[in-house]
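Engineer: one predicted model, sequence on top.
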Amino acid sequence: MKIAAFVSSSSHHGNTATAVQKFAEGARQAGAEVDIYYLHDYDMKPCRGCRVCEKTNECVIKNDDVPKLHQALREADAYVLATPTFYGDITGAFKVFVDRCYPFVDIWKDEETQKMRFGSVNKRRRPGVLIALSGSHGDMVFDSHMKVGYFCLNDLNSYPWREFCIPYTTWKPVAEMEDVVEKLIQGGKDLAAHLNSGEGENLAKTQAYYERYRELKY
Ligand SMILES: Cc1cc2nc3c(=O)[nH]c(=O)nc-3n(C[C@H](O)[C@H](O)[C@H](O)COP(=O)(O)O)c2cc1C
């Protein structure tokens with residue numbers, strides 16, 4: 001039972017890292033193995049937009065650390081994606097990471113309907129957790145974090161299992177938000193229990209994300 005968590009803040013001791021570490025603490029207490037990847041420790045070149053991976057499912061960029069992150073994504077049973085807010089949105093590091101997940105997308109044409117279909121080369125469905133933090137903005141700021149996080153999870157064949165939106169860290173660091181810390185630790189325990197139970201996704205929840213953010217024309 002392995003959980004891969006991705007932190008897109010530059011700090012190993014900031015609010016985002018603390019939130020993920022607390023979640024990991026709970027998951028470990030409940031028997032899960034958790035690997036935390038601090039994205040700033042990895043050389044991640046931006047996506048070139050060449051779209052070669054749409055056909056090959058392989059990235060043409062070979063000379064950075066993203067293949068290591070892809071390996072983690074292949075091996076994990078669940079994902080945690082965490083980002084603070086920079087200028088009203090996700091961080092640049094989070095965006096680079098998400099864009100570089102594009103090789104996981106499986107695009108194919110349904111011969112019967114002649115419509116394009118978007119799946120994932122990840123054959124196993126996995127739960128995904130989204131953690132978003134802000135400084136002085138309130139909850140309204142998190143919609144784009146959830147949208148991008150959901151797009152990424154979707155392409156990894158992962159369903160949005162739970163989300164933690166933590167506003168106002170400028171006024172109080174996460175470590176001092178006792179109720180939030182408690183929720184994160186419990187969330188980690190719940191995810192381990194969810195993985196152990198083998199129960200599937202909550203389809204209504206996934207559908208709600210789909211309806212809110214997809215609006216695709218095939
Ligand atoms: C460059 C930069 C831009 C930021 N922009 C916003 C913002 O638009 N809205 C907001 O609420 N907080 C903003 N913040 C505050 C961070 O989201 C907040 O301090 C967060 O807790 C930082 O997480 P960290 O400690 O994990 O790095 C910004 C911080 C930085 C460094």
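Structural biologist: Nice, thanks for sending it over.
Engineer: need the residues that contact the longest helix that the chain contains.
Structural biologist: In the chain, taking DSSP state H as the definition, the longest helix is helix 178-197. Applying CB atoms under 8 Å, 6 or more residues apart in numbering, the external contacts of helix 178-197 come out as 1, 3, 19, 22-32, 34, 77-78, 127, 129, 161-162, 164, 166, 174-175. (C-beta placed from N, C-alpha, C; glycine too.)
Engineer: among these, which are in helices?
Structural biologist: Filtering those for helices - DSSP H - leaves 19, 22-29.
Engineer: ok, of the residues you listed, which one's closest to the ligand?
Structural biologist: Taking CB to the nearest ligand atom as the measure, the ligand lies nearest A19 of the ones in helices among the contacts of helix 178-197, at 7.9 Å.
Engineer: these two touch, right, the closest one and L133?
Structural biologist: Yes: counting by CB atoms under 8 Å, L133 is a contact partner of A19 at 6.5 Å.
Engineer: looking at those two, which is more packed in?
Structural biologist: Shown here are A19 and L133; by other CB atoms under 10 Å, A19 has more neighbours (30 against 26).
Engineer: residues in contact with that one?
Structural biologist: 82, 131, 133, 164, 166, 174, 180, 184.
Engineer: check these against the ligand, which are close?
Structural biologist: The overlap between these and the neighbours of the ligand (CB under 6 Å from any ligand atom) comes to L133.
Engineer: thinking again about what came up before, now the common contact residues for A19 and L133.
Structural biologist: Common neighbours of A19 and L133, using CB under 8 Å, 6+ apart, are 82, 166, 174.
Engineer: where are the low-confidence patches of this protein?
Structural biologist: For the chain, applying pLDDT under 70 flags the ranges 216-218.
Engineer: show me where it has strands.
Structural biologist: Using DSSP state E, the strands assigned to the chain run over residues 2-7, 33-38, 78-84, 105-110, 115-120, 126-133, 158-166.
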